[in-house]
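Visitor: the amino acid sequence is not available; the structure is as follows:
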């Protein structure tokens, strides 16, 4: 730590890679009122930059290209950090810098790319070389605080951004409460909730229409700038006469309170409707994680690094950072990890002002429609544009058109989209004033609330259904779906995948195909799920053996691991049997069958008598579950007892490997006295998080030992013992292994 502080103290002051001073402060529209009190405590979030940005851009392109070898080969959180996140050295340097400046580290993580600190304004000013002032907001009847210049830090590298340096923009939810002067209000008449309003389950019936998929095994993550009261969620389910089975778990991302009570002037309307709409579409998910915080980077950092990692994410809030590129690294990270992030498009119609981050190219932007169903819990009947649904393009944020919108036929004279800037929305769903809402520990309402706030969590729930089907089929998740749905929209199956909305306007008219009112439209039952994940697989299982070739000296035994994997909802025990073994060989399985639902392993032991005839035999292992039978084979070579002796040696005898890396050593067999047998290898002492593999095994001359350290492997130096066995002969050699961070 002392070394880190010394390094920081001699670092040249660095500017940041994003800007922080509000335009109104720079041009004088926000008049200076007074200095921010030096003793006032504030909390900021220091965000480190991505590494290898060009490589990340190329990887993302290949990740969503069906012709690429890397298609849908998502990274884990740890893999993303190791490849594109901050190094441990840089992260530790930021922590040391903060402490050296008198700031207290209160949160953040290397995986989330941030260091959250708090301290008095005087320490913040000294650390960042700024003066914090109070200014009159140019468009709102309030003051805000912010820096007078761009911050700099005494570090040997640049930071990406520092969140929390101002409160110019107040995040707000994107629902609307109907007012008498609004242009359009159309009460639901076919809903299942009180006053014939729509329950979340009605959206499931209209947009999915099946029962097989419930989101089982999936998790949903919701971004919320305020906490929630689970009592309001429970009231909704009681009044809707439904039962909630999914857990609802709050996650404070920056120390913010998870509670939201009307007595403390907190409004949990958005939070409750997000929960109930997501669960209405996917009632069988395991958990809805409600991420609560006051800063965008803390929220997104947590959502992209939490364990377990929720693949289905939704935000129905808008906020305005000083730099519109602030949060894109997190959206890129989510796409790389196979997460689907849905952002409400807003409720002011044609985008004449920013509804950030809906125009970010790595989010899935959700517009609004007016839905009609065939009855309570009934099927989709018709759909038109919701007049207030957000859409269009916002040139001022200078977010350029992404590659998926540059496909020929997407932007045309009919939809009047931009060929320069990012267009929105991408998809849409019901947003009219037709919903049942319970909030703020008071009387629930029917047909009074609407907005794309309802549509975004619906889509997160719908993707949970798709992710469940993908998992059942043994496939990867759809992830960031925009690179997939735009080619789908241009293809012959468009009408099967989407409800194309062709009537109504939000300032842009809905037209055939893609438009700036409803995007590609709303989901069309199982059609889009199948297009994103492949059709549902029939129940079945596979069986395999490892190793597939085993050599045993007469009078000894050998083993192979039998593994079964199920798919398509298969749910049965699988009995194991063997045939083809020669006289004198017995085969036993432990356990003798794989318990339901049928995924697991069993150790197959082949015991060879001293009288067994030498040679190579094919043993067939059969698994039987229900009415399904599958087989695999193991090649057994029976050899005579070896004569002579042997010794082992390793080269090199010392290895140093990093976490998430591997190293090799060649193990040589030196025979004597006419020894000609095969030697079976094993290793001990490699330590926690390190795996050892030999190839070939058994060997007759040399075998390559590969030692692989996981991202959490225990660091330090240890002695690895390699043991070679041939019949009754056993010899060892050792290597020194060092694992580094």
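Guide: Received the coordinates, thanks. Predicted, not measured: the structure shown is a model, and the values here were computed from it.

Visitor: can you give me the strands in the stretch 51-200 of the chain?
Guide: For the stretch 51-200 of the chain, the strands defined by DSSP state E, counting those that start in this stretch cover 104-109, 114-120, 132-136, 143-147, 152-154, 161-163, 172-173, 176-177.

Visitor: pick the most buried one from those.
Guide: Of all the strands of the stretch 51-200 of the chain, strand 161-163 has the most neighbours on average by mean count of other C-beta atoms under 10 Å, namely a mean of 27. For glycine as for every other residue, the C-beta is placed from the backbone atoms N, C-alpha and C.

Visitor: output the contacting helices and strands for that one.
Guide: In terms of contacts (3 or more C-beta pairs under 8 Å, 6 or more residues apart in numbering; DSSP states H and E), strand 161-163 is packed against strand 41-47, helix 296-303.

Visitor: and with 10 Å instead?
Guide: Applying 3 or more C-beta pairs under 10 Å, 6 or more residues apart in numbering; DSSP states H and E, one finds that strand 161-163 makes contact with strand 41-47, strand 114-120, helix 121-128, helix 296-303.

Visitor: out of these, which is the most enclosed?
Guide: helix 296-303 (a mean of 28).

Visitor: after it comes which helix or strand?
Guide: Per DSSP states H and E, helix 296-303 leads on to strand 312-315 as the next helix or strand towards the C-terminus.

Visitor: any idea of the mean pLDDT for that following strand?
Guide: Per-residue pLDDT over strand 312-315 has a mean of 98.

Visitor: partner strands of it, parallel or antiparallel?
Guide: strand 219-224 (parallel), strand 340-344 (parallel) (DSSP bridges).

Visitor: that strand: how far from the chain's middle?
Guide: For strand 312-315, the separation from the chain centroid amounts to 10 Å (computed by C-alpha atoms, centre = their mean, to the nearest Å).

Visitor: for stretch 276-285, same thing?
Guide: With C-alpha atoms, centre = their mean, you get 18 Å for stretch 276-285.

Visitor: first-to-last residue distance for that stretch?
Guide: One end of stretch 276-285 sits 12 Å from the other (C-alpha to C-alpha, to the nearest Å).

Visitor: give the buried residues for stretch 690-703.
Guide: Of the residues in stretch 690-703, 690, 692, 694, 697-700, 703 count as buried by neighbour count, 16 or more other C-beta atoms under 10 Å.

Visitor: adding mean pLDDT and distance to residue 457 as columns, could you present the helices and strands packed on strand 161-163 in JSON lines?
Guide: Formatted as JSON lines, the helices and strands packed on strand 161-163 follow (pLDDT from 0 to 100; distance: least, C-beta to C-beta, whole Å):
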{"stretch": "strand 41-47", "mean pLDDT": "97", "distance to residue 457": "25"}
{"stretch": "strand 114-120", "mean pLDDT": "97", "distance to residue 457": "25"}
{"stretch": "helix 121-128", "mean pLDDT": "97", "distance to residue 457": "36"}
{"stretch": "helix 296-303", "mean pLDDT": "97", "distance to residue 457": "14"}
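
Visitor: would you turn those into TSV with distance to residue 348?
Guide: Shown next, in TSV, are these (distance: least, C-beta to C-beta, whole Å):
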stretch	distance to residue 348
strand 41-47	29
strand 114-120	31
helix 121-128	35
helix 296-303	20
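
Visitor: now residue 295. Nearest residue, chain neighbours left out?
Guide: The shortest distance from residue 295 to any non-neighbouring residue, by C-beta to C-beta, 6 or more residues apart in numbering, is to residue 163 (4.3 Å).

Visitor: also residue 230?
Guide: Nearest one to residue 230, counting by C-beta to C-beta, 6+ apart, is residue 248 at 6.1 Å.

Visitor: and for the one you found, the neighbour number?
Guide: Residues within reach of residue 248, counting by other C-beta atoms under 10 Å, total 21.

Visitor: distance between stretch 152-165 and the chain's centre?
Guide: Remark: stretch 152-165 is offset 26 Å from the chain centroid, using C-alpha atoms, centre = their mean.

Visitor: for stretch 252-271, which residues meet the burial criterion?
Guide: Applying 16+ other C-beta under 10 Å to stretch 252-271 flags 252-254, 256, 258, 260-261, 266, 268-271 as buried.

Visitor: that older thread, save the buried residues of stretch 690-703 as JSON lines, and put in secondary structure, pLDDT and distance to residue 119 too.
Guide: Shown next, in JSON lines, are the buried residues of stretch 690-703 (DSSP: H, G, I helix; E, B strand; the rest coil; pLDDT from 0 to 100; distance: C-beta to C-beta, whole Å):
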{"residue": "690", "secondary structure": "strand", "pLDDT": "92", "distance to residue 119": "41"}
{"residue": "692", "secondary structure": "strand", "pLDDT": "93", "distance to residue 119": "48"}
{"residue": "694", "secondary structure": "strand", "pLDDT": "92", "distance to residue 119": "54"}
{"residue": "697", "secondary structure": "coil", "pLDDT": "88", "distance to residue 119": "57"}
{"residue": "698", "secondary structure": "coil", "pLDDT": "85", "distance to residue 119": "62"}
{"residue": "699", "secondary structure": "strand", "pLDDT": "87", "distance to residue 119": "61"}
{"residue": "700", "secondary structure": "coil", "pLDDT": "87", "distance to residue 119": "66"}
{"residue": "703", "secondary structure": "strand", "pLDDT": "93", "distance to residue 119": "57"}
